Every structure is written in structure tokens, then in C-alpha cells.
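Enquirer: okay, structure incoming, though there's no sequence with it:
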């Protein structure tokens, strides 16, 4: 078990970056599928799946206690989140992450790419969750054990829902999820650019892509500046 925990701790430390080289690798190894008239529906469906993942993250982060659900490279839990979305499933953040990345790969419309990325993400989060749960067992002992008896690890169960103890913190969401939203939308734009280049030999909507990218980048920088001034 020690090697699993060691691997989990390593993957937890680098969890924000490890999926990116895997996704880039499958994009290099495989070509996007041209489904002709269905391409628009694939693009919209993939984006909606990614947005669902981000929505799940927002529900987890927005109602969570301070000192939890963060982006630190070390395990930290100053409180135990057990209400709201955490009363439905124990690991909503990783479920949200999976949908975000799966949506991006779905836009690529290649079954092999989606399978490889899915296997990697499921494997990574399996070890990360083991490490997190070991940490929480040591920190919260019986409280965490009781929580585990009531709420499943990754399978949502809605009949045990408990109202959030904390009010929704929009400021926290904006500052903490700025990177996730930026990375997701930027990768979505890049995948669309790549698909047009592969399908048609040219980028037909270059102006639109550049405009969308510029708006996205400016918004990201503004949030970063505001966050820095509020720290």
C-alpha cells in the first residue's frame, strides 16, 4: 500500500499538470474525426460536458470551508466538507475534472484518444484519492469514517443530501477557478483551430478565434490583477 500512497502523493502534487502532456500526446498521435454536418454538435456537446465539469467544481469550491478544496501542492484540510455536493459524493472535484478533460477530448471526436485519456484520468484519481483519504483518516479519524459510511467515493447518491453549511462564496470561486476556466476555454479554442486546419487545410475562422482568445486572455489577466491586489 505504501507505494500506492507515495504515487498518490506525487500525483496529487502535480495533479494540475499531469493530464496536459497526456492530452497533447494523444492529439499528436491521433487525428480528429471529421463527422461533417455533425461536427457542430460534437463541438457543442464537448463544450457542454466540460462546462458541466466546471459547474461541479464551482459547487464544490463555492460552498467549501476555507483551507479545503484548494490548489495547493500538499495535502491540506482544515475542516471536513460533508454538506452540499459533498453529501452526495466524496470527490466532486475529481469528477468535475474528469468531465472537463473528457469534454475537450470529445470535441476531438476520436474514440481512441478519449479511451486513453479516460484510462489515465481514472488511474490518476484512483491513487490521488487513496492518498487524500489516508490523510483524512489520520486527521479526522472516526468523523471521516462515519462520513465514508454515509457517502460513496465516486458514485453520487442523492437521498442523503444535506444543505450546505456555508453561504456561496463567489469571490472564492472567481479567484480559485480562474485558471481552470481559462485553461479549459483556451484548449477548446486550440482544438477547434487544429480541427479546421486538419479538415480544410486552412483556418477558416481565424479572426473569430483570435478575437475569442484575446477576450479570454484579457479577462484572465484582469482577474489575476484583482486577485493580487486583494491578497
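Expert: Here it is on my side, so go on. On a predicted model such as this, the values are computed, not experimentally measured, just so you know.
Enquirer: residues contacting residue 68?
Expert: For residue 68, the contact set (Cβ atoms under 8 Å, 6 or more residues apart in numbering) comprises 76, 77, 78, 79, 80, 81. C-beta: built from backbone N, CA, C; applies to glycine.
Enquirer: check the gap between it and residue 189 for me.
Expert: Between residue 68 and residue 189 the distance is 32 Å, computed by Cβ to Cβ, to the nearest Å.
Enquirer: buried subset of the contacts of residue 68?
Expert: Buried residues within those, defined by neighbour count using 16 or more other Cβ atoms under 10 Å: 77, 81.
Enquirer: what would the contacts of residue 68 look like in a markdown table with distance to residue 114?
Expert: Shown next, in a markdown table, are these (distance: Cβ to Cβ, whole Å):
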| residue | distance to residue 114 |
| --- | --- |
| 76 | 32 |
| 77 | 32 |
| 78 | 37 |
| 79 | 36 |
| 80 | 34 |
| 81 | 30 |
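Enquirer: I'd like the next helix or strand past the lengthiest helix in the chain.
Expert: If you go by DSSP state H, the chain has its longest helix at helix 111-150. Downstream of helix 111-150, the next assigned helix or strand under DSSP states H and E is helix 170-200.
Enquirer: mind listing what's buried along that following helix?
Expert: For helix 170-200, by 16+ other Cβ under 10 Å, it's 172-173, 175-178, 180-182, 184-185, 187-189, 191-196.
Enquirer: now do the spatially most distant residue from the centre of the chain against residue 195, distance only.
Expert: Of all residues in the chain, residue 201 has its C-alpha farthest from the mean position, at 31.8 Å, by Cα atoms, centre = their mean. Using Cβ to Cβ, residue 201 is found at 12 Å from residue 195.
Enquirer: now residue 154
Expert: The value you get for residue 154 to residue 195, if Cβ to Cβ is used, is 31 Å.
Enquirer: again, but for residue 150
Expert: When residue 150 is compared with residue 195 (using Cβ to Cβ), they lie 44 Å apart.
Enquirer: again with residue 12
Expert: With Cβ to Cβ as the criterion, residue 12 and residue 195 are 33 Å apart.
Enquirer: what's the answer for residue 36, then?
Expert: Counting by Cβ to Cβ, the gap from residue 36 to residue 195 is 12 Å.
Enquirer: could you pull up the residues touching residue 219?
Expert: residue 182.
Enquirer: what about the chain, any weak spots by pLDDT?
Expert: The model of the chain has pLDDT under 70 over residues 1, 69-73, 231.
Enquirer: quick check: chain neighbours aside, which residue is closest to the residue nearest to the spatial centre of it?
Expert: Most central in the chain under Cα atoms, centre = their mean is residue 97, positioned 2.2 Å from the mean C-alpha point. Excluding the flanking residues, the one nearest residue 97 by Cβ to Cβ, 6 or more residues apart in numbering is residue 53, at 6.5 Å.
Enquirer: pretty sure residue 173 is touching residue 55, no?
Expert: No - checked against Cβ atoms under 8 Å, the pair residue 173 and residue 55 is beyond contact range at 10.7 Å.
Enquirer: if we go by neighbour counts, what in stretch 37-57 is buried?
Expert: Quick answer for stretch 37-57 (16+ other Cβ under 10 Å): 39, 42-43, 46-47, 49-54, 56-57.
Enquirer: residue 212 versus residue 46, what's the distance?
Expert: 16 Å.
Enquirer: whoops, I mixed them up, residue 28
Expert: For residue 28, the distance to residue 212 - Cβ to Cβ - is 24 Å.
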